[in-house]
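Trainee: starting from these lines, generate the structure:
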Amino acid sequence: MKLEEAKDKFIQTWGSLATSWGINRTMAMVHALLLVSEAPLSTDEIMEALLISRGNANMNVRELMDWGIVKKELKMGERKEFFVADKDIWNVFKQIVKERRKRELEPLVSSLEELRQIDGKTADSKDFLKLIDNLTGVTSKANVLLDLAIKSDENWLMSKLLKLL
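Mentor: Numbers count the residues shown, from 1 in each chain. Next comes the predicted model:
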């Protein structure tokens, strides 16, 4: 398999896998393209490589920048913006964990805290509060694990995970 063919296959695979993780396919493909690119790419180059519209390219690049896994680079004498992906996959993993925690786990924790404010005098209320407490316990443990993943280095976390298995 030639390098360009392998890169194309990687981009397609990364895009296909993304939907399993709840991520937009095109956004993942833009990220994969930037990962395999030796040099920063402009919006025009992203559009051409993935056969997507300017709006789609811009929207997905901005979202990747919001996630903190793509950065804008300026080139002297160029009016265009260029984009580059963080190629340290461990950093990418940690940044994605941070963002997913912020977008998914933190709102759940807030909601559970709000739900605990019900009157707990009836049997149904007590059962409901027990469920909320159990969910709060699980989310607290998940939050601790995610925090460890974010703060750790790759070797330390992998050794801990292997010990668990």
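Trainee: against Leu108, how distant is Leu146?
Mentor: In this view, Leu146 and Leu108 are 12 Å apart by Cβ to Cβ, to the nearest Å. C-beta coordinates here come from the backbone N, C-alpha and C atoms, glycine included.
Trainee: okay, now Gln95: neighbour count?
Mentor: Neighbourhood size, Gln95 [other Cβ atoms under 10 Å]: 16.
Trainee: excluding its backbone neighbours, what's nearest it?
Mentor: Closest residue in space to Gln95, ignoring its immediate chain neighbours: Gly68 at 4.6 Å, by Cβ to Cβ, 6 or more residues apart in numbering.
Trainee: I figured the one you found hits Val97, correct?
Mentor: No. Counting by Cβ atoms under 8 Å, Gly68 sits too far from Val97 to count as a contact (11.1 Å).
Trainee: domain ranges for this structure?
Mentor: 3-85, 89-164 (automatic domain parsing).
Trainee: just those domains: most buried one?
Mentor: Looking across the domains of the chain with neighbours counted as mean count of other Cβ atoms under 10 Å, the highest average goes to domain 3-85: a mean of 16.
Trainee: how long is that one end to end?
Mentor: 19 Å (Cα to Cα, to the nearest Å).
Trainee: list the contacts of the residue nearest the centre of the chain.
Mentor: Nearest to the geometric centre of the chain sits Ile96, at 3.2 Å (Cα atoms, centre = their mean). Ile96 makes contact with 67, 69, according to Cβ atoms under 8 Å, 6 or more residues apart in numbering.
Trainee: in a helix, it, correct?
Mentor: Yes. Counting by DSSP: H, G, I helix; E, B strand; the rest coil, Ile96 is part of a helix.
Trainee: okay, it and Phe10: tell me how far apart.
Mentor: Per Cβ to Cβ, Ile96 is found 18 Å from Phe10.
Trainee: Val84 and Val36 touch, don't they?
Mentor: No. If you go by Cβ under 8 Å, Val84 and Val36 don't touch, sitting 11.7 Å apart.
Trainee: by mean pLDDT, which helix or strand of this protein comes out lowest?
Mentor: When each helix and strand of the chain is scored by mean pLDDT, DSSP states H and E, helix 154-164 comes last, with a mean of 63.
Trainee: helices along the protein, start to end?
Mentor: Under the criterion DSSP state H, the chain contains helices at 3-20, 25-36, 43-50, 54-67, 89-100, 106-115, 123-151, 154-164.
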